[in-house]
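Peer 1: fold the following, please.
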Amino acid sequence: MATTKRLIDLEFVKEMNNEIQTRITRLVERGWTLASIADELGVKSDTVENWRAGRRNATNAKAILVMLDELLKKNRIPKKRRYAHGSRQHKDNG
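Peer 2: Got it, this is the predicted structure:
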């Protein structure tokens, strides 16, 4: 019984991540960049690329799907990053 539940959980995670990949692809087809999607979600663009490529699973897939759905509803599509390249990197204080 525990093995069956584990398989169902794995299938659910796989399905959720496939949905994330599909929504990111739809956003990119509409003109969104991975950087602009990442900015809207509050994550790094590498994270969005990893989700899109299936190299990484989103830890809170349901919330990510809700946010991606909201982006798909937007009429205004960001054309460039809101932050200058490298401005979001951590600086050494020492």
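Peer 1: please count neighbours and contacts with C-alpha atoms only from this point.
Peer 2: OK.
Peer 1: for the protein, which spans come out with low pLDDT?
Peer 2: The model of the chain has pLDDT under 70 over residues 1-8, 79-94.
Peer 1: that one: helices as residue ranges?
Peer 2: Here the chain has its helices, by DSSP state H, at 2-29, 34-41, 45-53, 61-73.
Peer 1: quick one: the third one to helix 2-29, angle?
Peer 2: Using axes from the mean of the first three to the mean of the last three CA atoms, to 10 degrees, one finds that helix 45-53 and helix 2-29 are set 110 degrees apart in direction.
Peer 1: how far does helix 45-53 sit from its chain's centre?
Peer 2: 6 Å (CA atoms, centre = their mean, to the nearest Å).
Peer 1: before we move on, what about the first one?
Peer 2: Remark: helix 2-29 is offset 12 Å from the chain centroid, using CA atoms, centre = their mean.
Peer 1: buried ones in it, by neighbour count?
Peer 2: Buried positions in helix 2-29, judged by neighbour count with 16 or more other CA atoms under 10 Å: V13, M16, N17, N18, E19, I20, Q21, R23, I24, L27.
Peer 1: those into CSV, with extra columns for distance to E40?
Peer 2: As requested, the buried residues of helix 2-29 are exported to CSV (distance: CA to CA, whole Å):
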residue, distance to E40
V13, 23
M16, 20
N17, 18
N18, 20
E19, 18
I20, 15
Q21, 16
R23, 14
I24, 12
L27, 12
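Peer 1: so what's L65 up against?
Peer 2: E19, I20, R23 (CA atoms under 8 Å, 6 or more residues apart in numbering).
Peer 1: now these in CSV, please, with extra columns for distance to L41.
Peer 2: Converted to CSV, the contacts of L65 look like this (distance: CA to CA, whole Å):
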residue, distance to L41
E19, 16
I20, 12
R23, 13
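Peer 1: and those, which is closest to A53?
Peer 2: Nearest to A53 among these, counting by CA to CA, is I20 at 10.3 Å.
Peer 1: for that closest one, which non-adjacent residue is spatially closest?
Peer 2: L65 (6.1 Å; CA to CA, 6 or more residues apart in numbering).
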